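> When you get a sec, could you give me coordinates for this:
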Amino acid sequence: GLARSSNVVLGLEDLELLTREIQDSVMAIRAQPVKSVFQRMPRLVREVGEMTGKRVRLVTSGEDTEVDKTVVERLAEPITHMLRNAIAHGLETRETRAACGKPEIGEITLALRQEGNEVILSFTDDGAGLNFPRIRERAIANGLLGENESISEEQLAEMIFMPGFSTDRKSTRLNS
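Next up is the predicted model:
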């Protein structure tokens, strides 16, 4: 009876391997480079730059990374949102940049890489960074934070992702 049960185990391993190969093949069919989404961004950056009076250079990497088609489709909106915010709120005006000795053209980097099953999207810009006192002030004004409540800068930073949250005195209306 022992020899027979080991054949069953081997059969299951073969089946698992075959199933994995089929899944990989299906994923390969569904996989497509994120280039299609990345190619739309320089125009967006130009338009938002013109609307805000800022000069911006977009640097991208990882556009050849292949991810599932559904992921590619879902990337466009968050990337668009992050780029608009980086230009409108992250980068300073040309005058401010010049006064700080920075190049007149602001730089935003959009990078995508895959680590195992995760797709990691990262944004960097050479703007002034987050204005924590201002974020705190707006969080209190919006009732998200108590007057004397103390939270970390990391927690404050998370607040900028809340729907409708803005530190801008005059809201920048950027139509899609």
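
> just checking, next helix/strand downstream of the lowest-mean-pLDDT helix or strand in the chain?
Scoring the helices and strands of the chain by mean pLDDT, DSSP states H and E places helix 2-30 at the bottom, with a mean of 74. With elements assigned by DSSP states H and E, the helix or strand that comes after helix 2-30 is strand 31-33.

> now for that next one, which elements pack on it?
strand 66-68, helix 69-85 (3 or more Cβ pairs under 8 Å, 6 or more residues apart in numbering; DSSP states H and E). Every C-beta, even on glycine, is put in place using the N, C-alpha and C of the backbone.

> Name the residues that touch the helix or strand following the longest one?
Read that as helix 69-85. Later in the chain than helix 69-85, the nearest helix or strand by DSSP H and E is helix 94-99. Applying Cβ atoms under 8 Å, 6 or more residues apart in numbering, the contact partners of helix 94-99 are 53-55, 91, 103-104, 106, 128.

> Give me the buried entries from these.
54-55, 91, 106 (16 or more other Cβ atoms under 10 Å).

> how about these in CSV, adding pLDDT, secondary structure and distance to residue 33?
Putting the buried ones among the contacts of helix 94-99 into CSV (pLDDT from 0 to 100; DSSP: H, G, I helix; E, B strand; the rest coil; distance: Cβ to Cβ, whole Å) gives the following:
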residue, pLDDT, secondary structure, distance to residue 33
54, 94, coil, 29
55, 94, coil, 29
91, 93, coil, 28
106, 96, strand, 27
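
> burial of residue 134, as a residue count?
The local packing of residue 134 (other Cβ atoms under 10 Å) involves 13 other residues.

> Check which element follows the one helix or strand it maps to along the chain.
Assigned by DSSP H and E, residue 134 falls within helix 132-141. Per DSSP H and E, the first helix or strand lying C-terminal to helix 132-141 is helix 153-159.

> If we go by neighbour counts, what in that next one is buried?
156, 159.

> tell me what that helix is packed against?
helix 132-141.

> in stretch 125-141, what counts as buried?
125-127, 135-136, 138-139.

> Farthest pair within the residues you listed?
Pairwise distances across the buried residues of stretch 125-141 peak at 25.7 Å for 126 and 139 (criterion: Cβ to Cβ).

> Distance check, the residue most central in space within the chain against residue 25.
Nearest to the mean C-alpha position of the chain, counting by Cα atoms, centre = their mean, stands residue 121 at 4.7 Å. Using Cβ to Cβ, to the nearest Å, one obtains 26 Å as the distance from residue 121 to residue 25.
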